[in-house]
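Visitor: structure for the following, please:
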Amino acid sequence: MNSTPRHFTRQGFTLVGLLVIIAVLGILAAMLIPALVSAKGKSKRIQCVNNLKQSGLAFRIWEGDNNDKYPMAVSTNKNGSMEYAEGGNTFRHFQVMSNELNTPKILVCPADNRIAAASFARLKNQNVSYFVGLDATEIQPRMLLTGDRNVTNGLSPVRSVLELRPEIPAGWTEAMHNRVGNIGLADGSVQQVSIPGLQQMLKNTGDSTNRIALPE
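Guide: So this is what the prediction gives:
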């Protein structure tokens, strides 16, 4: 009994079909990539907040062991950093707290292009992403203790010190967190603030100058 052979035809992608697939993949990429970038940026900002919380805790522990004063208000003769308030010595305020901070890695924001120091002995301004509030005190808990270094008010720092006066509009540059930033207050809390939020925060500090040392 003869059987009729069956013939199978193999159909390939047509040019139109291939273009449709490419278009669909392009649409999916356009939808997913911004979401991934946003998620990555959010993750870095959360890690930055954690860094500032650990730094704030270190400040408070150091303060508790030094007559309720932060390093910036204690002489270098007593292991503080008061004499380093000006002149580009921001890293010194963190360096004297090496025991409380444990690692210099937390001094670099993951959104910053700076690299953490290998040790506190090698710490320099280039290994620090955060400013230090020179006049911060526990008595005024809303004063600025530390925060992202990309803060600005349009004026040039004098000997690496910038005054964030409430009457002068302050803000953030596009560096690190794209015109938003994180602030650690004297009470140990950390806040994520926009430019309007920063300006309002300066009005609530109780200080007329808000002197900060920038790690230039």
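Visitor: for the residue lying closest to L123 once chain neighbours are set aside, grab the count of nearby residues.
Guide: Nearest residue to L123 in three dimensions, chain neighbours excluded: A117, at 4.4 Å (C-beta to C-beta, 6 or more residues apart in numbering). The C-beta positions use only the backbone N, C-alpha and C, and glycine is treated the same way. Close neighbours of A117, defined as other C-beta atoms under 10 Å, add up to 21.
Visitor: go on, H177?
Guide: Using other C-beta under 10 Å, H177 has 21 other residues around it.
Visitor: contacts only, for it.
Guide: Shown here is H177, whose contacts under the criterion C-beta atoms under 8 Å, 6 or more residues apart in numbering are 41, 44-45, 48, 111, 148, 150.
Visitor: so how far is stretch 154-169 off the chain centroid?
Guide: 19 Å (C-alpha atoms, centre = their mean, to the nearest Å).
Visitor: any regions of this protein where pLDDT drops low?
Guide: Along the chain, the model assigns pLDDT under 70 to residues 1-13, 28-42.
Visitor: in it, which spans are strands?
Guide: Along the chain, the stretches classed as strands by DSSP state E are 130-133, 144-148, 151-152, 161-163, 171-172, 181-185, 190-193, 211-213.
Visitor: so what touches the last one?
Guide: What it means is strand 211-213. Residues from elsewhere that reach strand 211-213, judged by C-beta under 8 Å, 6+ apart: 72, 85-86, 89-90, 93, 131-135, 144, 147, 151, 160-164.
Visitor: what pairs with it, parallel or antiparallel?
Guide: Strand pairing for strand 211-213, using DSSP bridges, gives strand 130-133 (antiparallel), strand 161-163 (antiparallel).
Visitor: how distant is it from the center of its chain?
Guide: 16 Å.
Visitor: same question, the second one
Guide: Remark: strand 144-148 is offset 9 Å from the chain centroid, using C-alpha atoms, centre = their mean.
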